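Q: Compute the structure for the input listed below.
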Amino acid sequence: MDAHSLKQQVAKAALQYVTPNTILGVGTGSTVDCFIDALAEAGIALKGAVSSSVRSEKKLRDIGVPIVDMNDVTELSVYVDGADEIDPAYHLVKGGGGALTREKIVADISRQFVCIADASKLVDVLGRFPLPVEVLPMSQQAIARKLTALGGQVKLREGFTTDNGNVILDVSGLRITDPVALEQTINHWPGVVTNGLFALRKADVVLIGSPEGVRTLR
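A: A predicted model of the protein is given here:
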């Protein structure tokens, strides 16, 4: 199976976690695009969706799902999103698409976080995929120096501005053996909006697409 077929397979498997006539949390990325397509095909009626990106909001509107302001929601039952890396404890690295801050906000108010990915995203230790860090533009150099001191190679994501008007530093060369501690450390630095480690709020269910079928990890 090619990569797109695997994404379609795992996107369809995530439909079982969607309760009709509720407000759904929806992430962003190519696997989530497949999930939104699967939602439309299945004809599941929703009250609305809270989305982590402008891109996903547009795609949801296009299939007739109303977009709900998160400030009008106290809790979401389910949040469906992808990941760039997944470790054996279901800690994630996210933010390859640049929506990490909004993704983290939506995940935080969701009772269940369902992560959808293919087997290539499974790693023994996080850090092979560069860790995205969203920062206020004025703090870019200060935060880059701190990340370099941790042993990372820091690169500004050129020509990219987040939906929040900030910039992203991508940090490669890290071996992240304690994701919770590193997430907390980086997030405490003034100027950091958030980083792409989803360890304090990790996935509850991971659905992995493979040529042999979908594996469910809990």
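Q: ok, how many other residues are close to residue 187?
A: Per other C-beta atoms under 10 Å, the neighbour tally for residue 187 reads 15. C-betas here are computed from N, CA, C, even on glycine.
Q: Which residues are in contact with it?
A: 194-195 (C-beta atoms under 8 Å, 6 or more residues apart in numbering).
Q: any idea how far it is from residue 68?
A: Distance of residue 187 to residue 68, computed by C-beta to C-beta, to the nearest Å: 27 Å.
Q: swap in residue 155?
A: According to C-beta to C-beta, residue 155 stands 35 Å off from residue 68.
Q: Counting neighbours, go ahead and name the busier of those two.
A: residue 68 (18 against 13).
Q: how about the more buried one, phi and psi?
A: When quoted as degrees, to the nearest 10, the phi and psi of residue 68 stand at phi -110, psi 140.
Q: Tell me, how many residues neighbour the nearest residue to it once chain neighbours are set aside?
A: Spatial nearest neighbour of residue 68, excluding adjacent residues (C-beta to C-beta, 6 or more residues apart in numbering): residue 48 at 4.0 Å. Residue 48 is flanked by 16 other residues according to other C-beta under 10 Å.
Q: show me what contacts residue 48?
A: With contacts defined as C-beta under 8 Å, 6+ apart, residue 48 is in contact with 23-24, 65-68.
Q: Can you say which helix or strand has residue 57 in it?
A: helix 54-62 (DSSP states H and E).
Q: Alpha carbons of that helix, as CSV, please.
A: The C-alpha trace of helix 54-62 is given here as CSV (Å, rounded to 0.1, in the frame of the first residue of the first chain):
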residue,chain,number,x,y,z
VAL,A,54,-7.4,27.6,9.3
ARG,A,55,-6.7,25.0,6.6
SER,A,56,-8.8,22.3,8.4
GLU,A,57,-11.5,24.8,9.2
LYS,A,58,-11.9,25.5,5.5
LYS,A,59,-12.0,21.8,4.6
LEU,A,60,-14.6,21.2,7.4
ARG,A,61,-16.8,24.0,6.2
ASP,A,62,-16.6,22.7,2.7
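Q: roughly how far apart are residue 50 and residue 66?
A: Separation of residue 50 from residue 66 (C-beta to C-beta): 10 Å.
Q: same check, this time on residue 5
A: Per C-beta to C-beta, residue 5 is found 30 Å from residue 66.
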